[in-house]
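Asker: the following comprises the amino acid sequence and a computationally predicted model.
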Amino acid sequence: MIPWFVATAKFDKTDATWAKYIAWSGLRQLEEVVSLDSSLCPTVLPDIKPEYWNHIVNEDFMLHFFTDLDYLRGETAAISRKNLLCVFRNPAAQPSAAQVPEGFEFIGYDLLEKDSGISALTNCGGFPKAFSNRELSEKGLLMEHKRSRTVQEALIREYPKEPHADCHLWAIFRCL
């Protein structure tokens, strides 16, 4: 597995819309949302500059993911309120320490709809037949790979007509 990198905006108690989000979601255990969901935690580099092409993942909907961590660090150095993330899409197992650059810690797993990138965990109002909102960490993530896979499969099985249920599984590590 090859890691990808992205810098996202922080979304936590200091955000003006936090209280409204918590009231809507019911996720009272959250201290912060750490997600690849672009509506909750958008990239801090919204424009794809021509010089990015040699440093980004060149797939549909993946253009904000970088393959070059040092380049991304340089582009985001002046942005203070961000999460610098190392991510793995659909890992077969928990990524090993050897696969994760030094200075990153495991935060959890997110499930994002394949087409829109909406988080099934924190931005869909819940899927009680697949998981309990109480299972989510204070960052809005699942903590175990096996459970995340089970939830991913349950979303498809229990909600076959729901577009937000067809998800990629993402392992997320955050720079300390």
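Answerer: Now that the structure is in, tell me what you want to look at.
Asker: tell me if Ser39 really is in a strand.
Answerer: No: with DSSP: H, G, I helix; E, B strand; the rest coil as the criterion, Ser39 is located in coil rather than a strand.
Asker: which ones are touching it?
Answerer: Ile118, Asn123 (CB atoms under 8 Å, 6 or more residues apart in numbering). All C-beta atoms are positioned from the backbone trio N, CA, C, and that covers glycine.
Asker: in terms of helices and strands, where is Leu85?
Answerer: strand 82-89 (DSSP states H and E).
Asker: any buried residues in the longest helix along the chain, and which?
Answerer: Criterion DSSP state H: the longest helix present in the chain is helix 145-158. For helix 145-158, the neighbour count (16 or more other CB atoms under 10 Å) marks His145, Ser148, Arg149, Val151, Gln152, Leu155 as buried.
Asker: immediately after it, which helix or strand?
Answerer: Taking DSSP H and E, what comes next after helix 145-158 is strand 167-175.
Asker: now that next one - C-alpha only, CSV.
Answerer: Taking Å, rounded to 0.1, in the frame of the first residue of the first chain, the C-alpha atoms of strand 167-175 are listed here in CSV:
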residue,chain,number,x,y,z
CYS,A,167,-18.2,3.5,0.5
HIS,A,168,-14.5,3.3,0.4
LEU,A,169,-12.7,2.5,3.7
TRP,A,170,-10.0,5.0,4.6
ALA,A,171,-7.3,4.5,7.2
ILE,A,172,-6.4,7.9,8.6
PHE,A,173,-3.2,9.0,10.3
ARG,A,174,-2.6,12.6,11.4
CYS,A,175,0.7,14.4,11.6
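Asker: buried ones in that strand, by neighbour count?
Answerer: Cys167, Leu169, Trp170, Ala171, Ile172, Phe173, Arg174, Cys175.
Asker: closest one of the residues you listed to Pro95?
Answerer: Ala171 (5.3 Å; CB to CB).
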